[in-house]
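*Asks:* Give me a model of this one.
(2 chains)
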Amino acid sequence: MAALLEVDGISKSFSGLRAVQEVSFTVPEGEIVGLIGPNGAGKTTCFNLITGVYRPDAGQVRLAGQRIDGWRPDEICQAGLARTFQLVKPFAGLSVMENVVVGALNACSTVAEAREKSKIVIEKIGLWSKRDQAAAALTLPERKLLEVARALATGPRILLLDEVMAGLRPTEMNTMVALFQELNASTGLTILLIEHVMRAVMTLSRKVVVLHHGQVISSGTPDEVTRDPAVLECYLGEEAL
Amino acid sequence: MIKHLFDGVPRRGLLMLAVLFAVLLALPYFVSGYLITVLILILYFAYVGQAWNIMMGFAGQLSLGHALYVGLGAYAAAALYVHFGISPWIGLGASIVISAAAGAAIGFLAFRFGVAGVYFAILTIAFAEFARIGFDHFAWVQGSSGLFLPVANYTQNDLWNLRGSPTMFYYLVLGMTACAFILSHLLLRSRMGYYWLAIRESPEAAQALGINIFRYKMYAVVLSAAMTSLAGVVFAFFYNNLFPEQVFSISRSIELILGPIIGGVGTLVGPLVGAFLLTALAEGMGEMLLRLGVDVPGIKQVFYGICLLLVVMYLPDGVWPPLSKLLGLDHKTPDRGEG
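*Replies:* Have a look, this model is predicted:
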């Protein structure tokens, strides 16, 4: 079976600096895949290449077999790939409900329908009590949840999460991990996540891809990856010490 | 859409609006002459403010050259009337097409090439200036010597040709303002409204959520330009003269946007409140000083400046947000649209 998301040899340079070099990996349908690597490894650039913020210099990105590289971010979202931002970008002046409705309109034909869908998403994500608050009044963990809620409301087949756990307290992180596990189990939602918090990545992902200096240096199950000498050397080794 | 007309409007607000509208409808039976022209001016600014607010307040695109659309609309309809005797209501079609096309051209240039924020605002000023200089040398509409509409005695109101008494214009502008208000209300609750607000708050996030931001920004500019163009037509036929130096001048553009800024950018009622406060107070003060025998040129501009200063200092969100709180209309309706 073809993977839902196929990243095939993508590269991107910024004025000579090769941020991402011939990166290839696949995300099978219904799986949770982690993308890890030290700071500056090119993880977020990879996300931006997949989601259409940048156009790859070379290589292809395929969603369910269809090439999406070179598409605009809105077209990619409409095709079923939603993302969150590492630096959260809430619609600060709008309420939580309105924020999520904007996302839900991607999947709904009327505003009324989008509002109903948003209620379900907000309830599920655990922001129900805050639904009428302005997004500007939310705490950072709540903003991260809102970011996820908005992306989820677009009705994606695959969700790209860019460091949603960073800055969360352990209990908040556990809630978030449980949420993604539940979403994955109940709806079959495919997830690709960039994460620095190792515990979260290792718990969630069945497959991990490791980036270093813009290249894939290892991939496999969390166990395999953590035993890979190349990974230990560049990344986990330092942390383990 | 009509059945959702009153969705999310607090009952008290609806009542106040109804009373306000009734009072405005009845006013010409009680006041006349000078006061009617002041009221026309207030409603005119409220209407244009509402049109500008769609672009800036909703979609977050700052236009400092809205006089361009007023002027193009005014000139198109007036020239067709003067040269061919074409009714302004037919001329309005041309006005709207020309203004909307100008808006589309500016929008396309800016949004296609990533001109945003203050640079976009400068682009809008530049186009208004092009028009001002261009029309100065546009012989078909008499260039800088001005285009004059034939003035007859207003014995009978001729709504078809927009020749008539100030009272006729008053009702016309009142109708326009009411329609613009209702349209803005409906737009805000529509898909397009949500998309505009999202683009205003964060274009990147909006695009990541599947919104074609280029298209929706274009809609905002074109709609705002088209609505403003109608104001230009009425302006031309009310004042009966057009000078490029005045119609397209940047001070006109600024004058148009003071109302919504002082009233509250992005709010529905802001443009109304702002237009009323500014125009009524400025005219009232001018009149008072005149009665006292003080004739100070430029007093209106000084007044505008002071108002703007005070609002920026003490009410950065405009007058309406705190005022609505005072009137008890500020509650965020839980689940907007199900009230």
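
*Asks:* Which residues of chain A lie near chain B?
*Replies:* A:51, A:53, A:72-74, A:77-78, A:82-83, A:85, A:89-95, A:97-98, A:101-103, A:105-106, A:110-112, A:115, A:119, A:131-132, A:150-151, A:154 (C-beta under 8 Å from any C-beta of the partner chain). C-beta coordinates here come from the backbone N, C-alpha and C atoms, glycine included.

*Asks:* can you map out the helices along chain A?
*Replies:* Counting by DSSP state H, chain A has helices at residues A:43-50, A:73-78, A:96-104, A:111-125, A:140-153, A:170-187, A:198-204, A:222-227, A:229-231, A:237-240.

*Asks:* what about residue B:328, how many neighbours?
*Replies:* 10 (other C-beta atoms under 10 Å in any protein chain shown).

*Asks:* Can you check the pLDDT for it?
*Replies:* Listed pLDDT for residue B:328 reads 79.

*Asks:* List the contacts of it.
*Replies:* residue B:12 (C-beta atoms under 8 Å, 6 or more residues apart in numbering or on different chains).

*Asks:* ok, now how distant is it from residue B:12?
*Replies:* 6 Å (C-beta to C-beta, to the nearest Å).

*Asks:* just residue A:5 next, same as before
*Replies:* Relative to residue B:12, residue A:5 is positioned 52 Å away (C-beta to C-beta).

*Asks:* So these two - more neighbours on which side?
*Replies:* More crowded of residue A:5 and residue B:12, by other C-beta under 10 Å: residue A:5, with 24 against 12.

*Asks:* mind listing what the closest residue to the more buried one other than its chain neighbours touches?
*Replies:* Of all residues not flanking residue A:5 in the chain, residue A:27 sits nearest, at 4.1 Å (C-beta to C-beta, 6 or more residues apart in numbering or on different chains). Taking C-beta under 8 Å, 6+ apart, we find residue A:27 in contact with A:3-6, A:33, A:158, A:190, A:192.

*Asks:* And for residue A:148?
*Replies:* A:84, A:125, A:159, A:161, A:164, A:176, A:179.

*Asks:* pLDDT at the residue nearest to residue A:5, what is it?
*Replies:* Looking at residue A:27, its pLDDT is 96.

*Asks:* ok, now residue A:94?
*Replies:* 96.

*Asks:* Next, count neighbours for it.
*Replies:* 20.

*Asks:* Quick check: phi and psi on it?
*Replies:* Per-residue torsions, residue A:94: phi -100, psi 160 (degrees, to the nearest 10).

*Asks:* What separation is there between it and residue A:161?
*Replies:* Using C-beta to C-beta, we find residue A:94 at a distance of 22 Å from residue A:161.

*Asks:* Can you select the buried ones from the residues of chain A next to chain B in ChimeraX?
*Replies:* In ChimeraX, this line selects whichever of the residues of chain A next to chain B come out buried by 16 or more other C-beta atoms under 10 Å in any protein chain shown:
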select /A:51,53,72,73,74,77,78,82,83,85,89,90,91,93,94,95,97,98,101,102,103,105,106,111,115,119,131,150,151,154
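
*Asks:* which stretches of chain B form strands?
*Replies:* Ranges of strands within chain B are B:147-148, B:241-242, based on DSSP state E.

*Asks:* The ones you listed: which one's closest to residue B:194?
*Replies:* Nearest of the strands of chain B to residue B:194, taken as C-beta to C-beta: strand B:241-242 at 38.6 Å.

*Asks:* In its sheet, which strands sit next to that closest one, and in what direction?
*Replies:* Strand pairing for strand B:241-242, determined by DSSP bridges: strand B:147-148 (antiparallel).

*Asks:* How far does the strand it pairs with sit from its chain's centre?
*Replies:* In terms of C-alpha atoms, centre = their mean, to the nearest Å, the centre of strand B:147-148 is set 23 Å apart from its chain centre.

*Asks:* repeat for stretch B:13-29
*Replies:* Worked out by C-alpha atoms, centre = their mean, stretch B:13-29 lies 20 Å from the chain centre.

*Asks:* Distance of the residue positioned nearest the centre of chain B relative to residue B:123?
*Replies:* Nearest residue to the geometric centre of chain B (C-alpha atoms, centre = their mean): residue B:48, 0.7 Å. Using C-beta to C-beta, residue B:48 is found at 20 Å from residue B:123.

*Asks:* Give the burial count for residue B:34, as a bare number.
*Replies:* Neighbours of residue B:34 (other C-beta under 10 Å): 11.

*Asks:* just residue A:181 next, same as before
*Replies:* Other residues close to residue A:181 by other C-beta under 10 Å number 14.

*Asks:* now do residue A:141
*Replies:* 17.

*Asks:* for residue B:27, same thing?
*Replies:* With other C-beta under 10 Å as criterion, residue B:27 counts 16.

*Asks:* Who are the contact partners of the spatially closest residue to residue A:143 that is not a sequence neighbour?
*Replies:* Among residues not flanking residue A:143 along the chain, residue A:88 sits closest, at 4.5 Å (C-beta to C-beta, 6+ apart). Going by C-beta under 8 Å, 6+ apart, residue A:88 touches A:140, A:143-144, A:146-147.

*Asks:* Residue A:133 now?
*Replies:* Counting by C-beta under 8 Å, 6+ apart, the residues that residue A:133 touches are A:95-96.

*Asks:* picking up where we left off before, so the residue nearest to residue A:5 versus chain B, what's the distance?
*Replies:* Noted for residue A:27: a distance of 18 Å to chain B, by C-beta to the nearest C-beta, to the nearest Å.

*Asks:* Please identify the buried residues of stretch A:59-70?
*Replies:* A:59, A:61-64, A:68-69.

*Asks:* And for stretch B:70-77?
*Replies:* Quick answer for stretch B:70-77 (16+ other C-beta under 10 Å): B:70-77.

*Asks:* Redo the residues you listed as JSON lines? Include pLDDT and distance to residue B:185.
*Replies:* JSON lines is the format used below for the buried residues of stretch B:70-77 (pLDDT from 0 to 100; distance: C-beta to C-beta, whole Å):
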{"residue": "B:70", "pLDDT": "97", "distance to residue B:185": "23"}
{"residue": "B:71", "pLDDT": "97", "distance to residue B:185": "28"}
{"residue": "B:72", "pLDDT": "97", "distance to residue B:185": "27"}
{"residue": "B:73", "pLDDT": "97", "distance to residue B:185": "23"}
{"residue": "B:74", "pLDDT": "97", "distance to residue B:185": "27"}
{"residue": "B:75", "pLDDT": "97", "distance to residue B:185": "31"}
{"residue": "B:76", "pLDDT": "97", "distance to residue B:185": "29"}
{"residue": "B:77", "pLDDT": "96", "distance to residue B:185": "27"}
